[in-house]
Structure formats: structure tokens, C-alpha cells
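Enquirer: Below are the sequence and a predicted model for it; my questions follow.
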Protein chains: 2
Amino acid sequence: MKNYIKTDEWNIIEEGFDPHLNKISESIFSLGNGRMGQRANFEEAYSGETLLGNYVAGVYYPDKTRVGWWKNGYPEYFAKVLNAANWISIDVNIAGETLNLHTAQVTDFRRMLNMREGYLQRTFTAELPSGKQVKVNAQRFCSISDDEAGAICYQITPLNFSGELTLTLAIDGDIKNQDANYDEKFWDEVTKKVYQDSAYITLRTKKTAFEVCTGMQFQVYQNDQPLALSAEPIQREKYVASRVTVPVEQNQETTIFKFAANLSSENYPKDKLLEHCRALIQKITRKGYNQMLQEQAQAWAAKWEESDIVITGDAAAQQGIRFNIFQLNQTYTGEDARLNIGPKGFTGEKYGGTTYWDTEAYCVPFYLATADPQVTRNLLIYRYKHLQKAIENAEKLGFTNGAALYPMVTINGEECHNEWEITFEEIHRNAAIAFAIYRYVQYTQDSAYLKEYGLEVLIGIARFWAQRVNWSKAKQQYVMLGVTGPNEYENNVNNNWYTNTMALWCLEYALEVITQVKANSPDDYAGLVQRTNFQEEPETTKWQHILKNMYLPEDKEQGIFLQQDGYLDKENILVKDLKPANRPLNQKWSWDRILRSPFIKQADVLQGMYFLEDRFDLETIRRNFDFYEPRTVHESSLSPCVHAILAAKLGDEERAYQFYLRTSRLDLDDYNNDTEDGCHTTSMAGTWMSVVEGFGGMRVRNNQLHFNPFLPAKWQSFSFKIRFRGAILNVEISQEGVLLTNFSGRAIALRVYDKSYDIQANASVLINPNEAAPN
Amino acid sequence: MKNYIKTDEWNIIEEGFDPHLNKISESIFSLGNGRMGQRANFEEAYSGETLLGNYVAGVYYPDKTRVGWWKNGYPEYFAKVLNAANWISIDVNIAGETLNLHTAQVTDFRRMLNMREGYLQRTFTAELPSGKQVKVNAQRFCSISDDEAGAICYQITPLNFSGELTLTLAIDGDIKNQDANYDEKFWDEVTKKVYQDSAYITLRTKKTAFEVCTGMQFQVYQNDQPLALSAEPIQREKYVASRVTVPVEQNQETTIFKFAANLSSENYPKDKLLEHCRALIQKITRKGYNQMLQEQAQAWAAKWEESDIVITGDAAAQQGIRFNIFQLNQTYTGEDARLNIGPKGFTGEKYGGTTYWDTEAYCVPFYLATADPQVTRNLLIYRYKHLQKAIENAEKLGFTNGAALYPMVTINGEECHNEWEITFEEIHRNAAIAFAIYRYVQYTQDSAYLKEYGLEVLIGIARFWAQRVNWSKAKQQYVMLGVTGPNEYENNVNNNWYTNTMALWCLEYALEVITQVKANSPDDYAGLVQRTNFQEEPETTKWQHILKNMYLPEDKEQGIFLQQDGYLDKENILVKDLKPANRPLNQKWSWDRILRSPFIKQADVLQGMYFLEDRFDLETIRRNFDFYEPRTVHESSLSPCVHAILAAKLGDEERAYQFYLRTSRLDLDDYNNDTEDGCHTTSMAGTWMSVVEGFGGMRVRNNQLHFNPFLPAKWQSFSFKIRFRGAILNVEISQEGVLLTNFSGRAIALRVYDKSYDIQANASVLINPNEAAPN
């Protein structure tokens, strides 16, 4: 855990330069706009510890799988997010010396991520080994309005000399993924062009043959006037640059504007890439840096308008939650159904793939509540497009007749994971994908989605579960053997309660949607039946039989569900019995010891109770929470949010707040010592859930929003914005009560503390918490 | 499955050259003498498919572990058998053309492994692209008498030309392991010397710094006369050679003798390696090829005298069993307690490590019965020497107080395996090591071994089991969670019956040996107690408590033991229900499907019944056999032997024979399409067990040999040799009965078909099977 980020409600600030923190800061201060993103690397040269990272959404490379021991069924290739051409590079040379913060004396270093307006700023004074001093102010952003473009304003002032600056403005495409399995480079050069003040390079990925054209144009200003400079073009393999020499006077500021763009063959014909890239570069250069920056601030203002959470009385919490919302909005904008939310967003290359069950289980509620429904719809359509691949994936594992098993990790629908106990057995991901469809339809009432896309996915998933269970002669019930539940600290278990329960839920929901679509859209249904070769008989009869005869492990004496068969045979010890030296278990204990211990990595039975909470009475939830929580080590960042929400539901406000704290500043404080690899982007949505569904007690039931909020003791107030069926609502919880403000032009009926309220268009209602007891 | 090896009782013969079979033949025709060995590569150049392999026992390299996903506890390094300098190379150049069977027209090719005398012979005629024809007769062996040496006799005759042969006699140390994890070479050069007719090179392994000096000397003869030739020395990095040019006449035979030796720093001071190597080379060169070959035949005759099995009426079976005995004797001679029996012997580099539980579970009976007791004793001492490493290995997994977990795979006592479900969980290996101690003492009555070495190992192992179980509050019994049994088609199961049962046996045996050593050797016991910090109280009380309160899964209704908890929840299908297209499962099914299926890779419950057979009545064995056998796919070559022995015990002679057939010619017929990687050396001992313990019904009970033989219907007779307490016995089973011949000078009392017999010194007894009914 680190504690070097300055507390500020709207900015992330680092003061003073500590090279040991640089890779962490590179992650935290990352920029993105949904289409492209980058780590907070330096523009000028840096020979210290750094993880260079530039990413273009949707562009991947299938790296040959590497394992110790091959297991049948592993994918041959593993799609990885590609580290792409570096366009920020501005090399500064002064009389033969290169400006390099690793070799210079650095003072007054300050790095700031302005979340309100969406830019990164860095200022410092550097004394070169020769004693020459320069002051630098560098600002840059990835544009939301021009989402294939970025811009840099780099200002440099000699403090104790006059002379010349030699500036090399480059695009370097000779990039390697740090996590390449076989130490290979993934890019080939296609073409390059270098002009006086601009340069372009098109690179092609090996195997996948994606092409990305990266271009840049620059301007150098002194005294607010552009300089007419003669540039020297520089070219080498996968590298283009322009070099200019600029005379400078002591204390005279030189400003370099560098405009850049990344255009991908996913969006343009390959033979037009350069042309479109030049057009865009020229457009933004004409627009100019200041205009671009102003548009950026406006675009971010619009995002905050819909998704901000305001906390008063706790600036660190305020900073933490805004950072999470900021990163989520940098990562995914929902405009393109081919994209998804990588677990590290654009902040690192670790893990590969872009899509985990995190998207459906943790991110969907955030985007549903804070963005246009189309954003979540696109996340669902992404999976719809991968249905055929999911069917093929299931076939590899021996399933037939259109059974679909979605991959554990993917970019293109193919499995990108190769650890049998997860790849093949952590099949509950299939249920999360079905559940996201349910949540989306429940939230938006977009039932058209079901007949067009949703039901086809539901049938594939239901078919999978119906084949995955088997009849136990011994139990005279269906069982599900050899799975890994959300708790990855157990592998290859039998009858994981969560998986069995969610499998049944999937069958039930598929049956319900079939009935609905069949009744309301018989033609669509007929088409679907044909397309999927769906045999209502005997398929649904089998599903019904499973629904009636499935085994779910429980301990009736204690009134709890059992995480899996045999869980009660485990040693009867609790997390509080563990010595601190044993934590985290995943670093301190060998894997077998973790597996046979009773300790739970992340919510498992409780995850199921969170998803299906209305099926369980409060006492059942309480008994299970009281049993499992003391056994859960929360070594997944996706765990505390579920516990926070359930604790809040159970009225345990203090524990709810404690769980919230565990992830609220996970990356800002480098809680797990791994932020240098990138941010935990998807778990940020979990923190949002802790606040909105936990403290705010927000649910959608019977087509209505419900709130059951409480104010954490440490806070003066908090408020969050919610989009619901076209209305935009601000929910503010303070000592005064719950203030509901409807920003939209239509009235909205909702329930707070189980009482109904109508909030008129553009009106507010203040509800005194004493008027209604929380349930 | 291939079928190209000619049937012959004493020889392995390949006729005709098929490059596609070359790597298989290189494995099958391998040579070894316990100290060194090699694949049957060609002496002359060969540019076709080949796996070059030369190995020096005890010399290994710790290759950095490579995995897809790191699990805590994995070893950092993985000790691998090293591919060492190639000393067989004799490059033949004729007027600028290199003799190379890949580019020549090859006729009359014949490769023969003479098992009776222990040499490899290869003859062929080759027509070079120019049309020049030569006839070659190449013979070589790894000497048993001079066990650091080998010799080659290479005879070449020009058939249609006269001219010159340019011969390059090399030692090539620039060798790479095909299975190197990071494509690195493992050898560095130390020194090299090239003389007129000899050359030496010393190479050092990276990291481990073993040094091996490989030397060679050669002679060239024509008309039985040595030629005086002027040799050109050739040196390059890790390579030494001498080149001579020999005038040849058409149809004149030139004979090249190449003598070679490998001396390792394991046996000599590093600074004396070259000196000793030269002395040995000079000694064997003086001795001469023919004398060496004669000694080789004598040494093998002595081995066969003790270990041969003779089968009449079935030449293929005869060839198969002799091949197995030959390979086992080539691999391990038992003179050096630092060595062990690699799963591929000296026939390939796959798998790494040299020591698996195969040694204790399958090889010990062979060496006990066919070799001096010291041979098995050395196998036990090998593990004794690794006890401290086994304790450290257990500590890594969280065990304390001298608990020992022996590694799954090892060369030097450290774990060389990295697949969590095996490395950390296939802990039953510990029991096999204890059981081998029991078997050795039972067979030899060498109780001194227990007080000196055995008990210390037993205490470490017992301590492990006592910590590995845990008390189940639910069952009010001890359980053992998260293990992998011998059936590796199940991972991370709870209460594997075999593991639980053998763990109890270990505790019981340790208690028994403690009582015995304490009573008979109180001083030794006191020393041991101090050395191991053994606290009889409370340690043995805990063991007793476990013995009384351990849970063993069974199904009382069916009267069977359960392979593990939940086994009866699996789908109720049998191997006979599988379509042939699904076999072998490990190639056709994804891993998860194998795991959740009821199919068993190798004997598991039955392995336990084999080890502890006297604890179970025949009906219990039959019920378990009848339940598990139809569910076992025998995809481990270690499985059929156990089934053969149990089937024989149950009186099912036909099935016993069928199980025997599955491994009897496993490598000769390339049954599993993997012999090209090397032979299945350790499973060869299982075939021996099928014959001796299965068909021969041999057991040791109450200090006596017992036989309960039957004659497989296809055979006219079979006989095997047994060493027991100084006596050498031949047991011949034929239609006439059981003929027991005592070759030794002392009488031996034994039981056949449960009747007692005394076989006087150097006398025979014929027992008519009708006189006694098998039990």
C-alpha cells in the first residue's frame, strides 16, 4: 500500500519525482477515450523504470499459448491486447545532452490528472548533468470528441542558458508487448511517410493483419507565434520522426503542439487508412490545441453530468470514487459493439483478452445507470456476436446441439485462457451473461432485445447447462461435477451452490423468455426455432425435469447453503484466526494449501444471494452472510462490493462501509502492490455498486426504482446520478434526508424506504429518513 | 501401433530403412550400462528426422520452470536429464560427398539389438548421389565391465569404386536438449585436447557446474593391419575431432575402431578428469574391441543368469519380456545410490527428472527378485539422502516439525514437477516410498536398514500424513482433502481411498518399526529420536488417534470402497460404452470432460488392494475388481500389470493374460505412438510383475516365497529366475507342472499352491498342479 497521491476532489496529484513509483503513476495517470488509450509515460526520453503502453481498442494479436503441461482443449492461441505505436515521443536534446528525468536532477515535479476536464499535466524543472536547467510543462489528452485523436502541449523554458533545442517528434512503432509469450514482436511495417511537419506510419499485426495508421503533426511556438522551421525527416524500420532545431533564449518559453491520431482497419478500408488519417490530423491541427482542450472539457462535463457521485465530508473518498468513474468512462463508451471492458482498460497489458465475466457481473449496473441504454445493449450484442464461437468452444469440450459455453477471457469470441480449472471449469460465466440480459431488460424494458438477440443466447446457454449436469444414480438427482465457482480458491469441486443455482436460474429465465417471445412475436420465435434448430420437445421438458430435480447442497441444521459438496469437512477456522504473516494467502501459501483451506477468495454463495436476493428472506441471507463472511479473504477486488451491498441490506452500515473502503482507493493507494501493471478497471464498477446499491440501496423491482439509503457515519452527504427510462435523477443522502431531484422533463414514480413517491419533471422531493424505517 | 520389428527370441531386428520409423528405432535400439547411455543414432552424418541422445547418469541441469500461470509453491527450476556430448560421430566423406542415409539410396538395411550379448549392430548398402556404393557394418556397445566406456567397430567397403575415404572422428559437445524450456544450451566448454589419434573435451553444465570429460581414440585397419595415418586435428567451440584420409580399393573393407569414455566430476576431482579419462581410453584401446565385446557378452550372460524369463511357444512374448528385462538392466545397475531409474532410462529426454514413484511402486519388485539386495538398498538410500530436501519441500507447503513430502519427480531431491494437481496433491508417492522400505525388509530381512535409514524416513512420512489430514467437524472423523490419487483422471478430490488407506498404513508401519527398533536397538533409537527431535508423546498418540478415526469412503450396499468422495455421483457408464473414436480419452476429450467422467486412468482402489492384498478377503477384492475394472481405461502403462496380478489372483487367467499383453510389447510395437520420445522404461518392470506375480503368483509371506502359478493357454511353458535370501531359484511352469530348481548351495523352503516344499541345494522339485488347487 502506498500513500503518495495528494487528496483532491477532482484531481489526481503526485508531487515530487520518485522513480520507484513511476510505473505505478504511469498506470494511475493513464488516459483513454474508449477508442485508444495510453499509460502516463513521459514525452521526453526516459531511461529509468517504465512500462511503455499505447493501446488501440479492438486490435489484438493471437499469441501462441504457453503452458507448462498441455491439457487437451487448451486454445492454441491467446489473444492479447496489443501495445501499439508510441505517438507521444518528444525527444529534447540540448547541445548534445538529452533531457531524461532518469539522469537529470528533477525538482518541482508535479503530475496531475484533471478528471473533471480529462487531461494529464506534468510540470518539472530538470537540471541536466551539464548544469543546464529547463522548466517543462506538458499537457495531453485523448480526445473524447475526436476519439481517434490525441494532442500534446509541451512547453519548455531554459532557465540558465540560451542556445538551441533539438526536438525530435516521433512515432515509434517498433514496440514489443512485455507479456509476449515467446518474446516476439507483433507488428510489421506497411508504409510510412514523413513530411516537413508531419509523419505517418502504418503497421500491420502479424497473423491477424489488423492495420493501424498512426499520424502526427506538430507546431512550435514562441511568443505566441508559430516558428517556420526546417525539419529533418527521420525514418527507420517501424519509426518515423521529424527533427527541428529551435533557437532559445534564457527564460523564453517554447511551446510544442503535437497532434496525433490512430486509425484502425477495423473502421476504414486498409487502402484508405493513410488518407483518412491525414484528413483527421489536418482537421485537428486546424482546430488547434486550445479548441480541442475546450471540447474535451465539455465532453467530460457531459459525462460527469450523468455519472458523478458527490461525497461531502471525505475528500479521499470523493477522489477515490471519481477516479473509478473517470477510468470506467475512459475505458468504454459503448458506441461500438465490437469493444469491451478489459480488466486493465488502457492502463496496462497484463491478463490479455478484454472481456471477462467482470463485464456482465460488475460493469453492467454502472453503465445501465449512468449511460444511454445503447451502451449496455452494445455490451450484450458483443456476446451475441460471439455466440457461434461459444457454440464451437462448447463443441471442443464435447457438447452438442448448439450448447454454448462462452469463453472465460476473450477478445474475438475465442477462448484466451489456459488454466484448466478456470478455462474449462469456471463455467458460471455463462450464467452471468444470461443474467446481464435479464438485468438489461429489467432496467430498460427493451423487450425487443430478447426476440432479436437475447433469446438466442439464452437458448445456447440453457442447452449448455442441460448437458453439463448429469443424473446421479446415488442421489437420484441431477448434479454438476467438476466446476470452479467464483471462489477460485477451490478448483474442480462438485455441486458449487452458486453455479448450480445460477444454472437453474438460466433454465428458468430461458423458459420464461421463450413463453414471452412465443406469445408476443410468434414470427420472430419461429425464425429463431429454425435458426437454432430448437426442439421445444424434448428440450424444454428436459429443462423442466432438471429444474425439479437438481441437487443443491445445503446444511439444514445451520440453515446455510453449502458452497460445494464437502465444504463442511474443511478445517473449522476463520479469517480472524489467520496470523497477518499468512496474508495475502495467494502470496504466502502454496496453492494446495489454499485449496484445502476453508478460506474463500471472493463472494460465492453470497454472489448468488446478491444476484437473486428477492428469492431469499432476510434471515436466510443473514445466516449465510454470517457464515461465509468470516471465511472470506477478499483476495479478489470483485469481492468486497458484494459484501458491502449485502451488509447494507442487512442493516450493518459500519461493515458495509468497511467493505466499500477496501476497493474505493485500490489503485490510488496501490493497495495490492500491483498497480504498476495497470489499474483494476472492472473492479472500479464494484466500488460504484457499493455506493449506489449498497449505501444507496438502489434496486429495480416491478419496473420501479427502489432506494433504501443510509449515510455512512464519516460522510456529511453523498449523491449519485441515475438514468432510468429516460429520466435523470440525482439522489442525495444527507442528515436532512434523501433529496431526489428529477432533472428530466418527465415525472418518475419510485419507492424510497418501501414507500412510493412521484418525482415530477424538474422537481425535487426531500424524504426524511425518520418517516420510514429501512427494511 | 507399429509392427515392423522382426520376431526373434534374443534380438530386436529392423529390416529395411524407413526414415519415418527412425526416431522410434532410435529409442528401441538404445544402449546403456547404468552409467551412460544413448539412443540408436547413426555414427555417420544423418540429415533426416532424428533425436540425438547421449546421456551421462547423474548429470543434470536445473532449467528455469516454464508455466502458463504461476502457482505459489512451484519450483523455480526443473532438473532435467542432460543431453551430453555425442561421441559416436564418424563422418564419412568420399570425394566430396558425405555418406548420409537421408540423401543416399539405402538397401539391405538391417538394425539389430543383440540382447543376449548387449550390442547394437547395423548393416546397410548405400548408393551416394554420385552413384558410388559402399557397404557398412557398424557395431557398438556401452560396456558393462568398463562402465564409463563404449566402443564402436565401423566397417566400410567401397563396392564400385576405389579412391579415398575422409573420416572425421568427432566428439561434439555443442548439444541442446530438445526439451529446453527457453531454447538455451546447457553446456559450457572447459578444456579440449586433440592428439593424432585421440581427442578429449571437458564440458561444464551451466548452474550445476558438473564437469564431464569425454574422450575418444581410434584405429583404422585394413587387411587386419592398423594403418599409420596422419590425422588432422579439428577444433571448434565445444567440438573436437581428428580427420584422416584412407586410400581404399574396391571391395576392400576398412575397419574403424572408436573407443570412447565419459567421466563425470561426480566420480573424480575436476582437475583430474582429463587424466583419468586418458588413462581409461588408453586402457580400453589396449584391451581392444574384441576383448571388450567378449567381456560385454560375459557380463550380459551373468545378468541373464539372474533375471531371464523364458517363454516357450510364443516368440513374440519371449522377445517382449526379454526386451523389458534388457532395458531395465541397461538403465539401472544399483551400484550407485545417487542414481535412479528415469521413466525413459537413457532412451530419451522427455519428462525430466529421473525418479518418480514408479521406482518404488513398480521397479523395486523386479530388482529385489533379480539382483543383489544391495541394488534395491541403494534405491532406498537414494531417498534417504533426499530426506532433508523432502522436509524442506513439505515446509514450502506449510508443513512443520520434520514432516517430509518427497517430490513427485526429482533428480537431486528437489521437486521437478509443476502442475499443481500433481506436484502438490499427488502425495500418495510418499506412501510408495514407505512401502518400498517395507517390501525390501520383508524380502531381505535386512532389519539393520530400518534402524540406520528406514525409520528416519518413515517418521518424516508419518509426520506428513498426520499433518495432512484434518478433523472434520461434520464427520467427526479425520479426512484428507484436496489430493490426486494414482488415477490422474481425477484432480483435487477429497478422501481418495487409496491415499487415505496408504496413509494409515504408513502410520501403522512407522509405529511398528518404532516399537521394533526401540526394543532391539535402543541406542540407535535414542540417536534417531534426538536427530529428528521426535516426541513419542504426543506424536504417536496423534497417529493412533488418526488410525482409529480416519474416514475411508465406501459404499456398503455394493460392498466396494469408493475411489473418492462423490464417485457414485458420476455418470453411470462403462468403458465398453465408449465409442472407439473417443479413445484414448487423453487425446480425444478435453481435460474437464475426462475429470468429470467415471473413467479411471490407472489402478487406484485396486492399486491399494494389490499392495495390501492380505488385508482383504477374496470376495472383497473381487467385488472391487468387478466394479473398477470396467471403468478403467488403462491410459497409463503402469495400470495393466496391477490388473493382471489381481485377475490372476481371482483365478481369471484369460483376463490376466489380456492385461499382460497390453504392456508386454508396448515399445516394440509403439503401442501408444510415442516411443520416438523414448522407451517406457519403468513400466517394463510392470510387465515383469505381470509374469512373475501374476502368472507365477509369487509372493513373500511369513518370510517365505509363495507361488501360485498358472500357464497362460497360449504358452507351452514359461520360467523365471528369482533371487531370495542368497538362493537362486528357477521356476518353470509347463503342462507337466511347476519345476522348481535351486541353483544355489543352500536349501530353500517355500510354498506352492499353499503347500510347503523344501528344495534342496542344487536340486529340483516338480509339482503337479493337479495335486493342489490354486486358492
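Expert: All right, it came through fine.
Enquirer: State the paired neighbours of the lowest-mean-pLDDT helix or strand in chain A in the sheet, together with their directions.
Expert: The weakest-scoring helix or strand in chain A, judged by mean pLDDT, DSSP states H and E, is strand A:77-81 (a mean of 86). Partners of strand A:77-81 in the sheet, by DSSP bridges, are strand A:60-64 (antiparallel).
Enquirer: hmm, back to that, how far off centre is the least confident helix or strand of chain A?
Expert: 18 Å (C-alpha atoms, centre = their mean, to the nearest Å).
Enquirer: Downstream of that strand, the next helix or strand is which one?
Expert: Downstream of strand A:77-81, the next assigned helix or strand under DSSP states H and E is strand A:90-94.
Enquirer: List the buried residues of the strand or helix carrying residue A:299.
Expert: Element membership for residue A:299 (DSSP H and E) is helix A:289-307. Neighbour-count burial for helix A:289-307 flags A:289, A:292, A:293, A:296, A:297, A:299, A:300, A:303, A:304, A:306, A:307 (criterion: 16 or more other C-beta atoms under 10 Å in any protein chain shown). Using the backbone N, CA and C atoms, a C-beta is placed for each residue, glycine as well.
Enquirer: same deal with stretch A:34-53?
Expert: Those would be A:34-46, A:50-53, for stretch A:34-53 by 16+ other C-beta under 10 Å.
Enquirer: ok, now stretch A:12-24?
Expert: For stretch A:12-24, by 16+ other C-beta under 10 Å, it's A:12, A:13, A:14, A:17, A:21, A:22, A:23, A:24.
Enquirer: For the residues you listed, give me a markdown table that also has pLDDT and secondary structure.
Expert: Listed next are the buried residues of stretch A:12-24 as a markdown table, based on pLDDT from 0 to 100; DSSP: H, G, I helix; E, B strand; the rest coil:
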| residue | pLDDT | secondary structure |
| --- | --- | --- |
| A:12 | 98 | strand |
| A:13 | 98 | strand |
| A:14 | 98 | strand |
| A:17 | 97 | coil |
| A:21 | 96 | helix |
| A:22 | 97 | helix |
| A:23 | 97 | helix |
| A:24 | 97 | helix |
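Enquirer: Among the residues you listed, which pair sits farthest apart?
Expert: A:13 and A:23 (17.8 Å; C-beta to C-beta).
Enquirer: how about the CA coordinates for stretch A:414-425, as PDB?
Expert: C-alpha atoms of stretch A:414-425 as PDB (Å, rounded to 0.1, in the frame of the first residue of the first chain):
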ATOM      1  CA  GLU A 414     -12.400 -17.400 -28.800                       C
ATOM      2  CA  GLU A 415     -11.000 -18.600 -25.500                       C
ATOM      3  CA  CYS A 416      -7.900 -16.800 -24.300                       C
ATOM      4  CA  HIS A 417      -7.300 -18.600 -21.100                       C
ATOM      5  CA  ASN A 418      -5.400 -21.700 -20.400                       C
ATOM      6  CA  GLU A 419      -5.600 -23.000 -16.900                       C
ATOM      7  CA  TRP A 420      -7.900 -26.000 -17.000                       C
ATOM      8  CA  GLU A 421      -9.500 -25.400 -13.600                       C
ATOM      9  CA  ILE A 422     -10.700 -22.000 -14.900                       C
ATOM     10  CA  THR A 423     -10.800 -22.200 -18.600                       C
ATOM     11  CA  PHE A 424     -12.900 -25.400 -18.700                       C
ATOM     12  CA  GLU A 425     -14.500 -25.300 -15.200                       C
END
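Enquirer: Low-confidence regions, chain A specifically.
Expert: For chain A, the stretches flagged by pLDDT under 70 are A:769-775.
Enquirer: Downstream of the helix holding residue A:299, the next helix or strand is which one?
Expert: strand A:309-312.
Enquirer: which helices and strands sit right next to the next helix or strand along the chain from that next one?
Expert: Note on strand A:309-312: by DSSP H and E, the next helix or strand toward the C-terminus is helix A:315-331. Contacts defined by 3 or more C-beta pairs under 8 Å, 6 or more residues apart in numbering or on different chains; DSSP states H and E place helix A:315-331 against strand A:11-15, strand A:31-32, helix A:289-307, strand A:309-312, helix A:364-370, helix A:653-664, helix A:681-689.
Enquirer: Can you say which of the ones you listed is nearest to chain B?
Expert: For the helices and strands packed on helix A:315-331, the distance to chain B is smallest for helix A:681-689, at 18.9 Å, taking C-beta to the nearest C-beta.
Enquirer: list the buried ones in the helix ranked longest in chain A?
Expert: Looking across chain A with DSSP state H, the single longest helix is helix A:497-520. Neighbour counts over helix A:497-520 (16+ other C-beta under 10 Å) mark A:497-507, A:509-511, A:513-514, A:516-518 as buried.
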